[in-house]
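Student: need a structure here:
(2 chains)
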Amino acid sequence: MPKNRIIPVVLLKNGRVVQSKQFKRHQILGTPTVIVGRMSNWFSDELIYIDITRDNNYDLNRDDLNFNNSNDFYTILNDLSKKCFMPLTSGGGIKNIKDIEKRLNSGADKVCINSEVIKNPKFLSEAAKIFGTQCIVVSIDSKMIEGSYYVFTDFGKINSNFSTNQVAKMVESEGAGEILINSIDNDGMGNGYDFNLIDSVYSNVNIPVIAMGGVGNWDHFEDCITKFENISVAASNIFQYTENSVYNAHLYLNDKNINVRPPTISTIIKTGEE
Amino acid sequence: MIGVINYGSGNFRSVCNALDFLKVNYIELNSADQYEVVDKIILPGVGTYGDCVNRLIQKNLLISLKEQILIKQKYFLGICVGMQVLSEFGFEFEKYSGMGLIKGNVKKFEKQNNNLIPHIGWSNLKFNVQSSLFKNINEDSYFYFVHSYYFEVIDKNHVSSFAYNGIEFAASVENQNIFGVQFHPEKSQKDGLQLLKNFENI
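Tutor: Residues are numbered from 1 along each chain as shown, chains lettered A, B, ... in the order given. Next comes the predicted model:
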């Protein structure tokens, strides 16, 4: 059986890597090539790379206005894929088949689709037919409203009024290869995953599920894997704070007999990125 | 010189990136006449069995590939679906004929022993017969897999390693000059790069 994957998610906004809090506040952490290059040297099982740049101008505080992001995004992806010998998933703003093609041609192995799946479920089945289900990760951003989980689109701003378990089942049948379930409430809070939310997806589908949102320490990974045997665990902010973070997470969990890929120093490749 | 077959498979570029990183000499193989200038052939693969076979046929690459492997005895490495098409038949969506170079068929994983389908992630290998492809790679090393179908090989002597996803399945196959790996060496970090290097050095 494959190991439980530990997956860093790198959020990119206007050409900068950012950390996120409840999908609202974004603090700049640095330049992507350096940060993602480091991640690959740090024993990541996979990497998810999401562009959360807003097209409209309502979110201009603190970002570098002179920085052109759209072209840069593909250049960065392309540069990364030349040095990063692990699976790369690219997400953010994917609206049609051409967008997927462009990401794959720039070096992504999989794509992560979010809002468009809700707006147009046929897009998902069409994409799965062309590229294979293994290529399509659907990310579901979810928030609790009056005791029930609902799926939100457009950077967590618009309530689709679909329940989370309903969407999970729908995307599985339309051809998603994996589901990334993200909690808007727990995003950036560091208080651990929302297990009820994860369960509403995990217990309703048979495809791999990746948990996201709220990791504040390595024990949160342990709790999640102990509760959900086949889960993959993702996080963003926590991997940015310390040196060798992904490697250390593997080490910590492996020592606790959690079913992760045992880290060996020799597995790390020097790419000359740092 | 290695020829990497480009039939439009999603991981063609990734395989080339890995070979570039290793400074291995290779050419992009687009047409059958190019077979003559290479002594080793890599067939990358992502996607479905039928798609791979059909595209190779469309580009007029399939029959001559078999000839290169069987008659000219060139070394061949198939990756993922590129390995699966070594089989006699594949059953993804409908029945397709493969190259029939290693006896057995490709079939879908069944839901059993709490496995996940597709099998996505890092699994360790159990070596079966000794292979020069795994030189300087330890048993129990981890490789990256992503697939829903597996190659049920009839003669277990043609399986160089097994992995597990609810059942034990062929992670790699070998028959003289013919090699195949179900996992993605181009995405398996250091051990994956070592495997590609080993193929160059065979």
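Student: what sits against residue 5?
Tutor: Because you didn't say which chain, this covers chain A. Taking Cβ atoms under 8 Å, 6 or more residues apart in numbering or on different chains, we find residue A:5 in contact with A:45-46, A:210, A:232-233, A:260, B:121-122. No exception for glycine: its C-beta is placed from N, CA and C like everyone else's.
Student: actually chain B
Tutor: B:29, B:41-44, B:56, B:61, B:65, B:82.
Student: turn these into JSON lines, columns for pLDDT, distance to residue A:54 and neighbour count.
Tutor: Converted to JSON lines, these look like this (pLDDT from 0 to 100; distance: Cβ to Cβ, whole Å; neighbours: other Cβ atoms under 10 Å in any protein chain shown):
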{"residue": "B:29", "pLDDT": "96", "distance to residue A:54": "43", "neighbour count": "23"}
{"residue": "B:41", "pLDDT": "98", "distance to residue A:54": "47", "neighbour count": "23"}
{"residue": "B:42", "pLDDT": "98", "distance to residue A:54": "42", "neighbour count": "28"}
{"residue": "B:43", "pLDDT": "97", "distance to residue A:54": "42", "neighbour count": "29"}
{"residue": "B:44", "pLDDT": "93", "distance to residue A:54": "37", "neighbour count": "25"}
{"residue": "B:56", "pLDDT": "95", "distance to residue A:54": "44", "neighbour count": "20"}
{"residue": "B:61", "pLDDT": "95", "distance to residue A:54": "45", "neighbour count": "23"}
{"residue": "B:65", "pLDDT": "97", "distance to residue A:54": "49", "neighbour count": "23"}
{"residue": "B:82", "pLDDT": "96", "distance to residue A:54": "41", "neighbour count": "26"}
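Student: out of these, which comes closest to residue A:17?
Tutor: Taking Cβ to Cβ as the measure, residue A:17 lies nearest residue B:44 of the contacts of residue B:5, at 30.6 Å.
Student: so the closest one sits against residue B:8, correct?
Tutor: No: applying Cβ atoms under 8 Å as the test, residue B:44 and residue B:8 come out as separate, 10.3 Å apart.
Student: which of the contacts of residue B:5 are close to chain A?
Tutor: Contacts with chain A are made by none of the contacts of residue B:5, judged by Cβ under 8 Å from any Cβ of the partner chain.
Student: save the residues you listed as JSON lines, and put in secondary structure too.
Tutor: Formatted as JSON lines, those follow (DSSP: H, G, I helix; E, B strand; the rest coil):
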{"residue": "B:29", "secondary structure": "strand"}
{"residue": "B:41", "secondary structure": "strand"}
{"residue": "B:42", "secondary structure": "strand"}
{"residue": "B:43", "secondary structure": "strand"}
{"residue": "B:44", "secondary structure": "coil"}
{"residue": "B:56", "secondary structure": "helix"}
{"residue": "B:61", "secondary structure": "coil"}
{"residue": "B:65", "secondary structure": "helix"}
{"residue": "B:82", "secondary structure": "helix"}
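Student: what mean pLDDT does the strand ranked longest in chain B have?
Tutor: When chain B is parsed with DSSP state E, its longest strand is strand B:168-175. Averaging pLDDT along strand B:168-175 gives 98.
Student: how about it, does it get close to chain A?
Tutor: No: residues of strand B:168-175 are not located near chain A by Cβ under 8 Å from any Cβ, the shortest gap being 11.1 Å.
Student: secondary structure element holding the residue in chain B that chain A sits nearest to?
Tutor: Closest residue of chain B to chain A, Cβ to the nearest Cβ: residue B:121 (3.2 Å). Secondary structure from DSSP states H and E places residue B:121 in strand B:119-124.
Student: burial measure for residue 115, as a count.
Tutor: Chain wasn't specified; assuming chain A. Look at residue A:115: counted by other Cβ atoms under 10 Å in any protein chain shown, it has 22 neighbours.
Student: that's the wrong chain, I wanted chain B
Tutor: 17.
Student: and for it, nearest residue in space, chain neighbours not counted?
Tutor: Nearest non-adjacent residue to residue B:115, counting by Cβ to Cβ, 6 or more residues apart in numbering or on different chains: residue B:166, 3.0 Å away.
Student: before we move on, the earlier item: can I get the contacts of residue B:5 in a markdown table with distance to residue A:12?
Tutor: Shown next, in a markdown table, are the contacts of residue B:5 (distance: Cβ to Cβ, whole Å):
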| residue | distance to residue A:12 |
| --- | --- |
| B:29 | 35 |
| B:41 | 38 |
| B:42 | 33 |
| B:43 | 34 |
| B:44 | 28 |
| B:56 | 37 |
| B:61 | 38 |
| B:65 | 41 |
| B:82 | 32 |
